[in-house]
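In: got a predicted structure plus its sequence, pasted below:
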Amino acid sequence: MDYIYKVIDEHPEDPMLSTVEKQGITANFTVRDIEQDIASLGKMIKELTAKIGIEKAKLANIVRTDPEVEELTERQRHAAYLYQESYGFIIKADEKIDEMKEAITELEAEKIEITKQTGIIIKEKETPMNDETVVAEPTEEEIAQPAVAPEEAPAEAPTEEVAA
C-alpha cells in the first residue's frame, strides 16, 4: 500500500519535531518519533542478543553438571518443562493463598477493632475464601490424560505468573 505524507504542524527551528500525517491510514508522528522507534528496536536487539548469550551459558552449565539432559528426547524435555512449570506454580500459589488467608484474618480483626472504637455495627458477610472452601482436586482420569498431544506440543510452553 502506498502512503501519502503531509506535514500538518511544521517546526521551522527543528524540523525533526514537525508533525507528519501519514495518509492511507491516519497516524500523526514526528521524524524524531521514527528515530526513537529505531533506537528502541536497536536496544531491544542488543538486549535479546545479550539474553541469548546468558541462556547459552546456562545451557552449557546444565550440560556440564548434568550431561544426561542431552540424552532426553524433545518430548521428555517438554514434559519435564511442563511438570516444572506446574510444580512451581503450585508452590507459589499455595504461598499466595496462605498470605491472603493471613490478610483476611488481619482485616477481620481490624473490623472488630473498628467496631470497638467507633461503635459502628459491621454486618458479617461471607468471606471469599475460608477454611470451609473446598477446592476440587483433579480426578485420576484428568491426571492420566495429557493436556496436549505430544505431536501438537509447542516448542516452549507459556509461563504462568501468580499475581502479587
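Out: Received the coordinates, thanks.
In: show me how this protein divides into domains.
Out: 1-71, 93-122+129-164 (automatic domain parsing).
In: for this structure, which segments count as strands?
Out: Per DSSP state E, the chain carries strands over the ranges 4-9, 19-23, 28-30.
In: mind putting those strands into TSV with mean pLDDT and distance to A60?
Out: Any C-beta I mention is one placed from the backbone N, CA and C, and that applies to glycine too. Shown next, in TSV, are the strands of the chain (pLDDT from 0 to 100; distance: least, CB to CB, whole Å):
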stretch	mean pLDDT	distance to A60
strand 4-9	88	49
strand 19-23	87	47
strand 28-30	90	44
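In: including mean neighbour count and distance to E74, could those strands go into CSV?
Out: Putting the strands of the chain into CSV (neighbours: other CB atoms under 10 Å; distance: least, CB to CB, whole Å) gives the following:
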stretch, mean neighbour count, distance to E74
strand 4-9, 10, 48
strand 19-23, 15, 45
strand 28-30, 14, 44
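In: of the ones you listed, which is nearest I112?
Out: Distance to I112, taken as CB to CB, is lowest for strand 28-30 among the strands of the chain, at 56.8 Å.
In: show me what that closest one packs onto, helices and strands only.
Out: In terms of contacts (3 or more CB pairs under 8 Å, 6 or more residues apart in numbering; DSSP states H and E), strand 28-30 is packed against strand 19-23.
In: lowest average confidence across the domains of the chain, which one?
Out: Looking at the domains of the chain, the lowest mean pLDDT belongs to domain 93-122+129-164 (a mean of 70).
In: list the contacts of stretch 26-43.
Out: I8, P15, M16, L17, S18, T19, V20, E21, K22 (CB atoms under 8 Å, 6 or more residues apart in numbering).
In: and the second one, how many residues sit next to it?
Out: One way to gauge burial is a neighbour count; for P15, by other CB atoms under 10 Å, it gives 12.
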